[in-house]
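Visitor: Got a predicted structure plus its sequence, pasted below:
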Amino acid sequence: MTTSPTVVSFFDTATSTISYIVKDPASTACAVIDSVLDFDYAAGKMTFDGADQIIAHIRDNNWRLEWLIETHVHADHLSAAPYIQQKLGGKLGIGDQICLVQDTFGKIFNEGTDFQRDGSQFDRLFKEGDTYKIGNLTAHTLFTPGHTPADMVHVIGNAAFVGDTLFMPDGGSARADFPGGDARTLYRSIQRLLLLPGEMRLFMCHDYGPNGRDIQWETTVAAERDHNIHVGHGTDEDTFVKMREARDKTLSMPKLIIPSLQVNMRAGKLPPEEDNGTTYLKVPINSL
Ligand SMILES: [Fe+2]
């Protein structure tokens, strides 16, 4: 029988991101997926209210944090994983194709040789089909590139954390136009997800409340197969690619893409301080 993990959700209104605590029902072990650091870009100010809520929830329940998972290098929010790790421990993991992302954005941000492009800032680099434990729970990874070249879906018991491969059925799918993204690859990754058992619970990384509905983040594989507006009802690959590429041309860049990439490609850590003790982020002109 497949275990049903306890899932606690945290919605960040500034970036429409959902972070999760996933807990083994048979022990105190848990994992945090896709945490968010609060960043006021105009003021250059970082705060940790969202991450502190996650930390408080884990501490108040006497849970033990074993893993911090990033489904991919997010372009719309900064990860709070190192902040949470510093307080609670646990290992930080991401897909092994992070090296490609580090190479791409290492060039765009003209990082020096001290910026490692081998994923060594993380504790674990997951490959397709890898397994790991959260207490007695078994988790495994599915490599699902397309939105970015390094996306992983984490299947934990009867729940899958889909990152930005899929949105809720009425939200469709994520954009595929960032450097290294590809609509056709995304379609093929989504098809793999749709082959998971129909009753499997799916947890989104984002929801924007389309058509004025309340924010939602949980659905099932069957509901996506039957109702997803971009890939449901057996939509074929060419139809999807045409729709996705046309739609992506109309989207503006996420507000926090420039700070997010510089921080998240470093596993959520900041670039080194300059000689005045201040940390700076760059803005590349006309190169994204
Ligand atoms: Fe994303």
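Guide: Happy to help now that I have it.
Visitor: Would you mind writing the CA trace of stretch 91-104 as CSV?
Guide: The C-alpha trace of stretch 91-104 is given here as CSV (Å, rounded to 0.1, in the frame of the first residue of the first chain):
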residue,chain,number,x,y,z
LYS,A,91,20.3,18.1,3.2
LEU,A,92,19.7,20.4,0.2
GLY,A,93,18.9,18.6,-3.1
ILE,A,94,18.1,19.6,-6.7
GLY,A,95,18.3,17.9,-10.1
ASP,A,96,21.8,17.2,-11.5
GLN,A,97,21.1,19.2,-14.6
ILE,A,98,21.6,22.3,-12.4
CYS,A,99,25.1,22.3,-13.8
LEU,A,100,23.7,23.3,-17.2
VAL,A,101,21.7,26.1,-15.6
GLN,A,102,24.8,27.3,-13.7
ASP,A,103,26.8,27.3,-16.9
THR,A,104,24.1,29.3,-18.8
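Visitor: can you list contacts of that stretch?
Guide: Residues from elsewhere that reach stretch 91-104 (Cβ atoms under 8 Å, 6 or more residues apart in numbering): 66-70, 72-73, 81-82, 85, 115-119, 122-127, 132, 141, 143, 145, 148-152, 179-180, 265, 267-268. C-beta: built from backbone N, CA, C; applies to glycine.
Visitor: mind listing the strands for this protein?
Guide: 6-12, 17-23, 29-33, 38-40, 45-47, 64-69, 91-95, 124-126, 131-134, 137-143, 152-156, 159-161, 201-203, 218-220 (DSSP state E).
Visitor: how about those strands in JSON lines, adding mean pLDDT?
Guide: As requested, the strands of the chain are exported to JSON lines (pLDDT from 0 to 100):
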{"stretch": "strand 6-12", "mean pLDDT": "98"}
{"stretch": "strand 17-23", "mean pLDDT": "98"}
{"stretch": "strand 29-33", "mean pLDDT": "98"}
{"stretch": "strand 38-40", "mean pLDDT": "97"}
{"stretch": "strand 45-47", "mean pLDDT": "97"}
{"stretch": "strand 64-69", "mean pLDDT": "98"}
{"stretch": "strand 91-95", "mean pLDDT": "98"}
{"stretch": "strand 124-126", "mean pLDDT": "98"}
{"stretch": "strand 131-134", "mean pLDDT": "98"}
{"stretch": "strand 137-143", "mean pLDDT": "97"}
{"stretch": "strand 152-156", "mean pLDDT": "98"}
{"stretch": "strand 159-161", "mean pLDDT": "98"}
{"stretch": "strand 201-203", "mean pLDDT": "98"}
{"stretch": "strand 218-220", "mean pLDDT": "98"}
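Visitor: And the ones you listed: which comes nearest Gln53?
Guide: Closest of the strands of the chain to Gln53 is strand 6-12, at 6.1 Å (criterion: Cβ to Cβ).
Visitor: just the angle between that closest one and strand 29-33, please?
Guide: Counting by axes from the mean of the first three to the mean of the last three Cα atoms, to 10 degrees, strand 6-12 lies at 30 degrees to strand 29-33.
Visitor: Run me through the strand neighbours of strand 6-12, direction for each.
Guide: strand 17-23 (antiparallel) (DSSP bridges).
Visitor: Pull the contacting residues for Phe10.
Guide: Per Cβ under 8 Å, 6+ apart, neighbours of Phe10: 18-21, 36, 50, 53-54.
Visitor: Bridge partners for it, pull those for me.
Guide: As for beta bridges, Phe10 partners with Ser19 under DSSP bridges.
Visitor: ChimeraX command to pick out the buried ones of the contacts of stretch 91-104?
Guide: Burial among the contacts of stretch 91-104 is assessed by 16 or more other Cβ atoms under 10 Å; the matching ChimeraX selection reads:
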select :66,67,68,69,70,72,73,81,82,85,115,117,119,122,125,126,132,141,143,145,148,149,150,151,152,180,265,267,268
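Visitor: Might you name the residue of this structure sitting closest to the ion?
Guide: Across the chain, no residue is closer to the ion than Asp164, which sits at 3.7 Å (Cβ to the ion).
Visitor: Phe143 and Lys127 touch, don't they?
Guide: Yes - between Phe143 and Lys127 there is a contact under Cβ atoms under 8 Å: 7.3 Å.
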